[in-house]
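> Fold the stuff below for me.
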Amino acid sequence: MLDRALAAGRAPTIAALIERGERHAGCASSFPSLTPVCLSAIATGRHPDGSYIPGLTWYRRGEGRFVEYGSSFSATLVEGSHAAINDSILNLNHLHLSDNVRTIFERVEDAGLVAAAINYYVFRGRTRHPLKHRPVAALARRIGVFDAAYGPKRFYFGELFASDRTGAPPNLGVHAANDTHAAAIGRWLVARDGFDFLLYYLPDVDTAQHRVGPEGALDAVAVADRSIASLIEAGGGLDRFLGRHAVVLLADHGQTAARTACDVRAALGDLRLFAGSIRSVPGDTQVAVASSNRICMLYRLAEAPPARELAERVVALEGVDLTAFVERGDAVVLRDGRELRFRRGGPLHDRRGTAWTVEGDHGALGLITDGDEIAAPGYPNALERLDCLLRCVNAGEVICSAAAGYEFVDGGGSHHVGGGSHGSLSADDSVVPLITVGVDTGGLPAEPSITDVYGLVERHFGL
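Just a heads-up that it's a prediction; the model follows:
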């Protein structure tokens, strides 16, 4: 999509940054390639095994309920809007995100620098910020939802949080207002030299793709490009701006067209399925199905069939590309009647330098070997991404990735058929642009990951 926008002249600012810097091929998102997972990966430098964030919706074993970060309005009703509001803002950052890692905001500010975030969902920092509007804060306290959060020193998030009066127009997150709202705040900050590190998030391209599909979202790319240009103009033009600031520009994930809906529950009809804490008791159910966009996770509850049996059932469905699970310490992948097993350590190395032992049918992931190097062109950074999700404490025992053109029905029965979707292991959902200007990228692996951005920032500031 970026290449189409550049060819059409719709992204002149990004084109100028590429000309001044470097575009890195083959950068891969985290897995699943969903917003909370990928934003956590950027903010912490870790995949789900380190961030503990496994999806847009997932089953929280200790509480016997689904966590829902916003798959759809109908999905939020499964657990109730009260829980969803707390989950998507407060709990994501202050309960679910691992305490064993420091966010990039914490890392930067612990070194005495000033960090800023605009509309970025994973924002945990050291400074307490009350809700922006006092009447809203009072209402929040009355109904028992969050009225404050900890973020970076300079923190702006829609109409909820604003550490400064910037004069930005109101932003309720509708009518593609996020990016123009972010631009107004960004201009204000750049003009005042108000940060050492800024994470500037422009989500309206993603929103447009969900609505009209990747082919129809070039207008949104143009808006994002103008929003980036706003910062450069406030900094006195490109030369002066780049004389003061280094830039890392990337996406968190890709998107593909969603043409057909797939309900994983069709393969599990004889089992007692958890339908949410309002309607089900975990001890009386066997499997919790957490599906959203193009990823689904199966959680084994009371008297559940083995993970292999569940994986074999689901992978037979039209619309499921592959399933994965852990067996005797190995990660196992099933696809097209083929089986692959792998584990860390061994004679093979991926393009990031990680060692692996791989057994079984390499065709299950389309693996190609060149000497002792192994890669999966159709599934970028496949071994690392699969392994890190399967080892996440909050992930399901069985992972299901959707086939091309398919999207899984979420817990509320909703989907994006007719628009765009993401979340799978496939390259179309997972390969993202990565552009750097004024940043030392000598340590980047041959196959970059969005998790590498954390290290780029650390090295740039000498942390």
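
> Tell me what Leu250 is bridged to.
Leu434 (DSSP bridges).

> and it, how many neighbours does it have?
Per other C-beta atoms under 10 Å, the neighbour tally for Leu250 reads 18. Just so you know, the C-beta spots here come from the backbone N, C-alpha and C atoms, and that holds for glycine as well.

> ok, it - contacts?
27, 42, 432-435, 450, 453 (C-beta atoms under 8 Å, 6 or more residues apart in numbering).

> So which of the residues you listed wins on neighbours?
Ile42 (27 neighbours).

> Settle this for me: it is touching Gly455, isn't it.
No - Ile42 is not in contact with Gly455 according to C-beta atoms under 8 Å; the separation is 11.4 Å.

> ok, back up a step: out of the contacts of Leu250, who's nearest Ala324?
Ile450 (20.4 Å; C-beta to C-beta).

> Tell me if I'm right that the closest one and Gly26 touch.
No - with contact defined as C-beta under 8 Å, Ile450 and Gly26 do not form a contacting pair (11.9 Å).

> which residues do those two both contact?
Listed contacts common to Ile450 and Gly26 are nil; contacts here mean C-beta under 8 Å, 6+ apart.

> what secondary structure does Gly283 sit in?
helix (DSSP: H, G, I helix; E, B strand; the rest coil).

> State the phi and psi torsions of the closest residue to it other than its chain neighbours.
With sequence-adjacent residues excluded and distances taken as C-beta to C-beta, 6 or more residues apart in numbering, Gly283 is closest to Ala302, at 5.3 Å. Main-chain dihedrals, Ala302, degrees, to the nearest 10: phi -70, psi 130.

> neighbours around Ala302, how many?
Using other C-beta under 10 Å, Ala302 has 13 other residues around it.

> Let me know the pLDDT of Ser75.
No, residue 75 isn't Ser; it's Ala. With respect to pLDDT, Ala75 has a value of 70.

> For His422, give me its contacts.
33-34, 253-256, 293-294, 429.

> any idea how the chain splits into domains?
Following automatic domain parsing, one gets these domains for the chain: 2-29+97-255+430-460, 260-415.

> measure the first one end to end?
With C-alpha to C-alpha, to the nearest Å as the measure, the ends of domain 2-29+97-255+430-460 fall 26 Å from one another.

> Let me know the pLDDT of Gly413.
With respect to pLDDT, Gly413 has a value of 85.

> so what's it closest to, chain neighbours aside?
Leaving out its chain neighbours, the residue that sits closest to Gly413 by C-beta to C-beta, 6+ apart is Ser74, at 5.9 Å.

> Pull out the buried residues from the helix or strand where the one you found lies.
Assigned by DSSP states H and E, Ser74 belongs to helix 73-79. Residues of helix 73-79 classed as buried: 75-76, 78-79 (neighbour count, 16 or more other C-beta atoms under 10 Å).

> do stretch 251-266 as well
251-258, 261-265.

> Just the ones of those residues in helices?
Among these, none falls in helices (DSSP state H).

> Let me have those in TSV, extended by distance to Asp49 and pLDDT.
Shown next, in TSV, are the buried residues of stretch 251-266 (distance: C-beta to C-beta, whole Å; pLDDT from 0 to 100):
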residue	distance to Asp49	pLDDT
Ala251	22	96
Asp252	18	96
His253	18	96
Gly254	22	95
Gln255	25	94
Thr256	25	94
Ala257	30	94
Ala258	28	94
Ala261	30	96
Cys262	27	96
Asp263	28	96
Val264	23	96
Arg265	27	95
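
> How far away from the center of its chain is the longest strand seen in the chain?
Assignment by DSSP state E gives strand 338-349 as the longest strand of the chain. Mean C-alpha position of strand 338-349 versus that of the full chain (C-alpha atoms, centre = their mean, to the nearest Å) differs by 26 Å.

> Show me what that strand is packed against.
strand 330-335, strand 355-360, strand 373-375, helix 382-390 (3 or more C-beta pairs under 8 Å, 6 or more residues apart in numbering; DSSP states H and E).

> now the shortest one: mean pLDDT?
So that's strand 373-375. 97.

> buried residues in that strand?
374-375.

> contact partners of it?
So strand 373-375 is contacted by 348-351, 356, 358, 367-368, 383, 447 (C-beta under 8 Å, 6+ apart).

> picking that back up, out of the helices and strands packed on strand 338-349, indicate the one that is most buried.
helix 382-390 (a mean of 25; mean count of other C-beta atoms under 10 Å).

> To what extent is Leu242 buried, counted in neighbours?
Around Leu242 there are 18 residues (other C-beta under 10 Å).

> so how far is Asn394 from it?
Counting by C-beta to C-beta, to the nearest Å, the separation of Leu242 from Asn394 is 40 Å.

> Then Ile295?
Relative to Asn394, and taking C-beta to C-beta, Ile295 is found at 14 Å.

> Who has more neighbours out of these two?
Ile295 (30 against 23).

> what pLDDT does the residue nearest the centre of the chain get?
Computing the C-alpha centroid of the chain and ranking residues by C-alpha atoms, centre = their mean puts Cys38 first, at 2.3 Å. Predicted confidence (pLDDT) at Cys38: the value is 98.

> for Pro445, same thing?
At Pro445, the pLDDT value in this model is 95.

> secondary structure class for it?
coil.

> residues contacting it?
Pro445 touches 351-353, 452, counting by C-beta under 8 Å, 6+ apart.

> Phi, psi for it please.
According to degrees, to the nearest 10, Pro445 has phi -70, psi 170.

> With Val101 as the reference, measure out to it.
Distance from Pro445 to Val101, by C-beta to C-beta: 20 Å.

> where does the stretch 51-200 of the chain dip in pLDDT?
73, 81-82, 140, 143, 172-176 (pLDDT under 70).

> what sits opposite Ala148 in the beta ladder?
Pro130.

> and the gap between Ser230 and Leu367?
44 Å.

> all helices of the stretch 101-250 of the chain, in order?
104-110, 134-143, 177-191, 204-212, 218-234, 238-244 (DSSP state H, counting those that start in this stretch).

> quick check: mean pLDDT across the fourth one?
Right, helix 204-212. When pLDDT is averaged over helix 204-212, the result is 92.

> now the fifth one
Average pLDDT, helix 218-234: 96.

> Could you list the residues in contact with that helix?
Taking C-beta under 8 Å, 6+ apart as the rule, helix 218-234 contacts 1-2, 4-5, 8, 10-14, 17, 176, 179-180, 182-184, 186-188, 190-191, 200, 202, 204-205, 207-209, 238, 241, 249.
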